[in-house]
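Peer 1: sequence first, then the predicted structure, then my questions.
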Amino acid sequence: MVELKGFDSNVVEPTGKFTPVPIDDYLAMITASEMKDTKPAPNKQPGRYLQLTFEIIDGEYKGRKIFTQLNLENASTTTVEIAQRTLSAICRCTGVLRPNTSEELHGIPIVISVGIRPASGNFDESNVIKGYSRTDGKELKDITDTPVVAAPKFAAAAAAATKAGGPVKAKKPWER
């Protein structure tokens, strides 16, 4: 049992029905990351995935969160390779090419291409990240240790989200 001391639903507006954000490119940053265990399938080795929380930082959907999971530890080498390639894209977009921790990727504006996963089984439709881009428009394959510079489309919002050329440390919910 969890004590809900002092909570009064009469003074808190209830949440409405969740609807995904429309298919589009959004300026976003990673605000949280966590390694989680996969649910092991029968006769399969359990694995682990990196869950990343992206928060849209500009426009009509500012504040909305989009989640992605990277299966970095899995019995399937193909699954791991896909996750590593996705993580490489994210690293190249942030300009952090050799992170020691996932937190080094937090608070850096990048562009996420968001799609919609159709409803299936017991799950409603939801957002899915289809791709990642730098804010300066450079191709990811051409990136080395070059710092990220904002492109005209996202320049103002990326600059506002970045302090003195460095990443913004995302505030915890209790700090807002």
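Peer 2: On my side now, so go ahead. Every value quoted in this text rests on a predicted model; they were computed, and no experiment measured them. Numbering: from 1, shown residues only.
Peer 1: quick check, residue 81 in a helix?
Peer 2: Yes. Counting by DSSP: H, G, I helix; E, B strand; the rest coil, residue 81 falls inside a helix.
Peer 1: make 59 the starting number, not 1.
Peer 2: Right, with 59 as the first residue, what we last looked at is residue 139.
Peer 1: what pLDDT does the model give it?
Peer 2: For residue 139, the pLDDT comes out at 95.
Peer 1: what's the local residue count around it?
Peer 2: When neighbours are defined as other C-beta atoms under 10 Å, residue 139 has 12 of them. Where you see a C-beta, it was placed from the backbone N, CA and C, and this is true even at glycine.
Peer 1: look up how far residue 184 lies from it.
Peer 2: Distance of residue 139 to residue 184, computed by C-beta to C-beta, to the nearest Å: 24 Å.
Peer 1: this protein: helices as residue ranges?
Peer 2: Taking DSSP state H as the criterion, the chain carries its helices at 135-152, 213-218.
Peer 1: quick one, strands of this protein?
Peer 2: 82-95, 106-114, 123-131, 168-175, 184-191 (DSSP state E).
Peer 1: in TSV, list these along with mean pLDDT and mean neighbour count.
Peer 2: Formatted as TSV, those follow (pLDDT from 0 to 100; neighbours: other C-beta atoms under 10 Å):
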stretch	mean pLDDT	mean neighbour count
strand 82-95	96	17
strand 106-114	97	19
strand 123-131	96	17
strand 168-175	95	18
strand 184-191	94	18
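Peer 1: quick one: which of those is nearest residue 150?
Peer 2: The minimum distance between residue 150 and the strands of the chain falls on strand 184-191, with 8.2 Å, by C-beta to C-beta.
Peer 1: sheet-wise, list the partners of the closest one with their directions.
Peer 2: Strand 184-191 pairs in its sheet with strand 168-175 (antiparallel), by DSSP bridges.
Peer 1: the partner strand: how far from the chain's middle?
Peer 2: 9 Å (C-alpha atoms, centre = their mean, to the nearest Å).
Peer 1: just the C-alphas of that strand, formatted as CSV.
Peer 2: These are the backbone C-alpha positions of strand 168-175, laid out as CSV (Å, rounded to 0.1, in the frame of the first residue of the first chain):
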residue,chain,number,x,y,z
ILE,A,168,18.9,17.5,-31.9
VAL,A,169,16.1,17.0,-34.5
ILE,A,170,14.0,13.9,-34.2
SER,A,171,11.8,12.6,-37.0
VAL,A,172,8.6,11.3,-35.3
GLY,A,173,6.2,8.8,-36.8
ILE,A,174,3.1,7.1,-35.5
ARG,A,175,3.0,3.4,-34.6
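Peer 1: all set now, cheers.
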